[in-house]
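*Asks:* predicted model follows, preceded by the sequence.
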Amino acid sequence: MTAMTLPEITPYTSADHDWLVEAHGRLYAAENGFDASFPVVVDAVLRDFETAHDPTCERGWILRDGARRLGSIFCVREDDRTARLRLFLLEPEARGTGQGRRLLETCMGFARGHGYRQIVLGTHESHRAACALYARNGFACTRSTPIRNYGQALVEQVWERPL
């Protein structure tokens, strides 16, 4: 990130697809030991979003510093009153700089503005910095379940907050 300019939050487009799949695969493998099945899931989520999302109540964003992509977040419809946060990612250089909070606020503001009454997300207990960010922003962990996925023993968590 450049010190002089604040990274821009821009709408997701299909041109971001390959980067987002690659970044998820690369970072989750390096930081969590996830196997090659994880980017396949990210690819499927993005393909579904690109072909079936409702732009009146669902959106994705990319954090950019010039031409460099630094992060992402998505807001999708769970049901009439509930939004789901998905594909929240920050490159290591953008972490600890307030950019995660900016992305989270963008997503929650969109959800609130589109009539959702609550927002939910799924994550893993091992994502401690993300979980701390959620807790600081009014989310509560409502369920923790030990699972085996992506080649790892994990604790899957559901976090929720009213909007």
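*Replies:* Done, it's in.
*Asks:* give me every residue that touches His24.
*Replies:* 38-39, 42, 87, 89 (Cβ atoms under 8 Å, 6 or more residues apart in numbering). Placement of C-beta: from N, CA and C, glycine included.
*Asks:* next SSE downstream of the host helix or strand of Arg64?
*Replies:* Assessed by DSSP states H and E, Arg64 sits inside strand 59-65. Downstream of strand 59-65, the first helix or strand assigned by DSSP H and E is strand 68-79.
*Asks:* give me the low-pLDDT residue ranges for the protein?
*Replies:* 1-4 (pLDDT under 70).
*Asks:* tell me where it has helices.
*Replies:* Assigned by DSSP state H, the helices in the chain fall at 17-32, 37-52, 99-113, 128-136.
*Asks:* point out the most buried one among these.
*Replies:* helix 99-113 (a mean of 18; mean count of other Cβ atoms under 10 Å).
*Asks:* taking strand 68-79 as reference, get the angle to that one.
*Replies:* 30 degrees (axes from the mean of the first three to the mean of the last three Cα atoms, to 10 degrees).
*Asks:* of the helices of the chain, which is nearest Val76?
*Replies:* Shortest distance between Val76 and these, using Cβ to Cβ, is found for helix 37-52: 7.0 Å.
*Asks:* if I read this right, Ile147 contacts Glu156, doesn't it?
*Replies:* Yes - applying Cβ atoms under 8 Å, one finds Ile147 in contact with Glu156, separated by 4.9 Å.
*Asks:* which ones are touching the residue lying closest to Leu46 once chain neighbours are set aside?
*Replies:* Nearest non-adjacent residue to Leu46, counting by Cβ to Cβ, 6 or more residues apart in numbering: His17, 5.2 Å away. Contact analysis of His17 by Cβ under 8 Å, 6+ apart lists 43, 46-47, 50.
*Asks:* now, which of those sits nearest Leu6?
*Replies:* Leu46 (26.0 Å).
*Asks:* the closest one touches Val21, doesn't it?
*Replies:* Yes - Leu46 is in contact with Val21 according to Cβ under 8 Å; the separation is 6.7 Å.
*Asks:* the inter-axis angle of the strand holding Arg64 versus helix 37-52?
*Replies:* 120 degrees.
*Asks:* about what we covered before: return the distance of the residue nearest to Leu46 relative to Pro92.
*Replies:* His17 is 21 Å from Pro92, where distance means Cβ to Cβ, to the nearest Å.
*Asks:* cool, Arg117 as well?
*Replies:* Arg117 is 34 Å from Pro92, by Cβ to Cβ.
*Asks:* what residues sit buried inside stretch 148-162?
*Replies:* By 16 or more other Cβ atoms under 10 Å, the buried positions in stretch 148-162 come out as 150, 154, 157, 159-161.
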